[in-house]
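Chemist: 3D, please:
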Amino acid sequence: MKMKAHQVAFTGSYNEYFGYATDIDAVVYLMLVNDLIHGLFPEAVTVGEDVSGMPTFCIPVQDGGVGFDYRLHMAIADKWIELLKKPDEYWKMGDIIHTLTNRRWSEKCIAYAESHDQALVGDKTIAFWLMDKDMYEFMALDRPATPAVDRGIAFHKMIRLITMGLGGEGYLNFMGNEFGHPEWIDFPRGDQLLPNGTVIPGNNFSYDKCRRRFDLGDADYLRYRGLQEFDQAMQHLEEKYGFMTSEHLYISRKDEGDRIVVFERGGLVFIFNFHWSNSYSDYRVGCLKPGKYKIVLDSDDLLFGGFNRLDHNAEYFSSDGWYDDRPHSFLVYAPCRTVVVYAPGEELEPLKD
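Modeler: Numbers count the residues shown, from 1 in each chain. Here you go, the predicted structure:
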């Protein structure tokens, strides 16, 4: 609604946002709405949906901005769908990092790996892109998983946590996607006749897909349970360490050959290994703080449907000397298709149940 024409191509130049193409009435309306909301309810939070990257969108009205507290980081979900259509050996670590971090400094964003757009009929969720028809037959724990299911469960966890870790200051999940809901949503509808004569078929007003199967995430005999447990662990990690609101964010490694991404956020060190087969022992990663580190979240934990390749009682001690532009470093084992989060000794406490 901010632009008079809806087919505007933005290149990043600020001249494209402040000119005759901008609908001034619409922008002023949004400013008035935000001013009214924050004036009446100071504790309220407003989130704007803006795909154009409008400058001043999250600057307070009194400072000349539109006044939203957060904007939706809408490019992330599109990037994941783009990548999921390719074999993972074609994924570029730098491309992923750029999309996740492509936002203005101090402009707060809500990150999400997928939303209702992917869950509605006609599209696929991340889980469905990853595992497809195997979700119908191989999600029970009493039978072996297929390679597609093992890959899908591993990447589903990694995609969510790297989105949460780098994508913004808030995290959004669409209902059921936290445990990889296997099917889409389709509301009851009849055939629709368009003005040009085209008929869009309906579903005979069926309620069959007009629901979310939350029982799947609670079933301890299905692999969905592990995905749900991991989602809860992610939220507990953020609740304890507050890494999403920390101003400290440093990406020390994005290795296209090893398929490794390492970054610090808050006091934590995140290590992602996107490689499909290579696990790395004695892999050196840089860190800011010296001392002892321990694992505080491991996507390979059996509880999360992993293979339990790491010892959670192990302690990792840093060495002095610059590595990846960090003043200290330590050695880890990085299994393929996993994310492991390490915390320095002074911040170690048990996560809340």
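
Chemist: The spatially closest residue to P188 that is not a sequence neighbour and D25, how far apart?
Modeler: Counting by Cβ to Cβ, 6 or more residues apart in numbering, the nearest residue to P188 once its immediate chain neighbours are dropped is F205, at 4.2 Å. Just so you know, the C-beta spots here come from the backbone N, C-alpha and C atoms, and that holds for glycine as well. Distance, F205 to D25, using Cβ to Cβ, to the nearest Å: 40 Å.

Chemist: same deal with I295?
Modeler: Taken as Cβ to Cβ, the span from I295 to D25 is 54 Å.

Chemist: Neighbour count for the two, which is higher?
Modeler: Neighbours per residue (other Cβ atoms under 10 Å) separate I295 from D25, with I295 holding more: 21 against 10.

Chemist: List the residues that contact D282.
Modeler: By Cβ atoms under 8 Å, 6 or more residues apart in numbering, the residues touching D282 are L331, Y333.

Chemist: quick one: which helix or strand includes it?
Modeler: strand 280-287 (DSSP states H and E).

Chemist: can you pull the buried residues of that strand?
Modeler: Buried residues in strand 280-287, counted by 16 or more other Cβ atoms under 10 Å: Y280, Y283, V285, G286, C287.

Chemist: now, which of these sits nearest D123?
Modeler: Closest approach between the buried residues of strand 280-287 and D123, by Cβ to Cβ: Y280, at 35.4 Å.

Chemist: Let me see the contact set for that closest one.
Modeler: D258, I260, N273, Y333, A334.

Chemist: burial measure for the closest residue to A44 other than its chain neighbours, as a count.
Modeler: Spatial nearest neighbour of A44, excluding adjacent residues (Cβ to Cβ, 6+ apart): I37 at 5.2 Å. Neighbour count for I37, taken as other Cβ under 10 Å: 16.

Chemist: List the first helix or strand encountered after the helix or strand that contains I37 toward the C-terminus.
Modeler: Under the criterion of DSSP H and E, I37 resides in helix 24-40. On the C-terminal side of helix 24-40, the closest following helix or strand by DSSP H and E is strand 47-48.

Chemist: what does that following strand rub up against?
Modeler: L30, F57, C58, V66, F68, D69, Y70, R71, L72, I110.

Chemist: Sort out which one of the buried residues of strand 280-287 lies nearest Y90 for me.
Modeler: So of those, ranked by how close each gets to Y90 (Cβ to Cβ), first place is Y280, at 20.8 Å.

Chemist: can you give me how far the biggest helix by length in the chain is from the chain middle?
Modeler: Across the chain, the longest stretch assigned as helix under DSSP state H is helix 147-166. Put simply, helix 147-166 sits 9 Å off its chain's centre (Cα atoms, centre = their mean, to the nearest Å).

Chemist: Stretch 79-90 now?
Modeler: On Cα atoms, centre = their mean, the centre of stretch 79-90 falls 15 Å from that of its chain.

Chemist: List the buried residues in the lowest-mean-pLDDT helix or strand in the chain.
Modeler: Least confident helix or strand of the chain, by mean pLDDT, DSSP states H and E, is helix 116-119 with a mean of 82. Neighbour counts over helix 116-119 (16+ other Cβ under 10 Å) mark Q118, A119 as buried.

Chemist: Stretch 138-145 now?
Modeler: F138, M139, A145.

Chemist: correct me, but the residue nearest to A44 touches E43?
Modeler: No: under the criterion of Cβ atoms under 8 Å, I37 makes no contact with E43, lying 10.4 Å away.

Chemist: shared neighbours, those two?
Modeler: By Cβ under 8 Å, 6+ apart, no residue touches both I37 and E43.

Chemist: Is it possible to get TSV of the buried residues of strand 280-287 that adds pLDDT and distance to R151?
Modeler: Listed next are the buried residues of strand 280-287 as TSV, based on pLDDT from 0 to 100; distance: Cβ to Cβ, whole Å:
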residue	pLDDT	distance to R151
Y280	98	19
Y283	98	21
V285	98	24
G286	97	29
C287	97	29
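
Chemist: Looking at those, which is nearest Y17?
Modeler: Closest to Y17, out of all of the buried residues of strand 280-287 and judged by Cβ to Cβ, is G286, at 37.8 Å.

Chemist: so who does L297 touch?
Modeler: L161, A233, M234, L237, V339, V340, V341.

Chemist: Let's see the ChimeraX selection covering just the buried ones among the contacts of Y280.
Modeler: The buried residues among these can be selected in ChimeraX (16+ other Cβ under 10 Å) with this line:
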select :258,260,273,333,334
